[in-house]
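Enquirer: Next one to model:
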Amino acid sequence: MDDEALIAKLKARDDDALLALVEAYGRLIRQVVWHQLLTAYARGFTDDVENRVYYKVWTRIDQFDQTKGSFRNWLSAIAKNQAIDYARGLAATFATLDLDSVTVAAPTAKQQDLEALFAVLSQLEQQVFRLYFIQTLTVEEIAKQLHLKRDAVYQHLSRGRKKLRQGGMNHADFN
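Expert: Numbering: from 1, shown residues only. As a prediction, this is how the structure comes out:
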């Protein structure tokens with residue numbers, strides 16, 4: 001199906017057109033979204049962002065104007081803006097999160113989410129976070145177990161919190 005036919009079907013609110021849109025442009029939309037969602041944690045929300053893109057296209061197809069650009073570019077702009085908005089929302093969540101009051105329960109089906117969240121931390125920071133937040137050890141117990149000074153444990157917790165608050169930036173950016 002060419003773009004003109006696809007656009008006409010979308011404007012007619014044909015459900016098959018939405019499936020055709022996903023088949024024709026799904027890969028492009030995912031690439032644009034992933035270009036904006038840089039971390040493994042953020043990319044875990046790819047499906048949510050893509051669904052927002054498809055919803056936006058479905059509700060705003062009447063605003064598409066061929067004289068202003070191609071359908072492909074219009075889709076890319078929507079995908080980019082939705083991904084940026086979602087990433088900002090994630091960053092705002094991290095900025096307001098009080099990590100001192102968080103206690104992570106024992107490993108569950110959400111273990112993958114936790115691993116993705118901790119992926120931005122260095123190996124040592126991950127160990128410290130697991131011991132502190134999951135096993136709820138004291139700073140002194142962590143220092144003894146990892147053969148670190150108490151101040152070093154506090155430093156790793158502080159640096160890790162900073163990385164998480166900044167929305168999962170790559171830990172190489174902080175070393």
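Enquirer: okay, CA-based contacts and neighbour counts for the rest of this
Expert: Will do.
Enquirer: Output stretch 16-33 as PDB - backbone C-alpha positions only.
Expert: The C-alpha trace of stretch 16-33 is given here as PDB (Å, rounded to 0.1, in the frame of the first residue of the first chain):
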ATOM      1  CA  ASP A  16      -6.700  -2.300   8.800                       C
ATOM      2  CA  ALA A  17      -4.800   0.900   8.100                       C
ATOM      3  CA  LEU A  18      -3.300   1.000  11.500                       C
ATOM      4  CA  LEU A  19      -2.000  -2.500  11.000                       C
ATOM      5  CA  ALA A  20      -0.600  -1.500   7.600                       C
ATOM      6  CA  LEU A  21       1.100   1.500   9.300                       C
ATOM      7  CA  VAL A  22       2.800  -0.700  11.800                       C
ATOM      8  CA  GLU A  23       3.900  -3.100   9.000                       C
ATOM      9  CA  ALA A  24       5.200  -0.300   6.800                       C
ATOM     10  CA  TYR A  25       6.700   2.100   9.300                       C
ATOM     11  CA  GLY A  26       7.100   0.100  12.500                       C
ATOM     12  CA  ARG A  27      10.900  -0.300  12.000                       C
ATOM     13  CA  LEU A  28      11.400   3.400  11.300                       C
ATOM     14  CA  ILE A  29       9.400   4.400  14.300                       C
ATOM     15  CA  ARG A  30      11.400   2.000  16.600                       C
ATOM     16  CA  GLN A  31      14.700   3.400  15.200                       C
ATOM     17  CA  VAL A  32      13.600   7.000  15.900                       C
ATOM     18  CA  VAL A  33      12.400   6.100  19.400                       C
END
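Enquirer: Check which residues of it are buried.
Expert: Going by neighbour count (16 or more other Cα atoms under 10 Å), the buried part of stretch 16-33 is 17-18, 21, 29-30, 32-33.
Enquirer: From the residues you listed, which land in helices?
Expert: Applying DSSP state H to the buried residues of stretch 16-33, the entries found in helices are 17-18, 21, 29-30, 32-33.
Enquirer: my guess is V139 meets A152, correct?
Expert: No. If you go by Cα atoms under 8 Å, V139 and A152 don't touch, sitting 9.6 Å apart.
Enquirer: more crowded one of the two?
Expert: Using other Cα atoms under 10 Å, the more surrounded residue of V139 and A152 is V139, with 19 against 13.
Enquirer: Against H156, how distant is the more buried one?
Expert: 11 Å (Cα to Cα, to the nearest Å).
Enquirer: so where's the protein shaky on pLDDT?
Expert: Within the chain, the segments meeting pLDDT under 70 span 92-114, 167-175.
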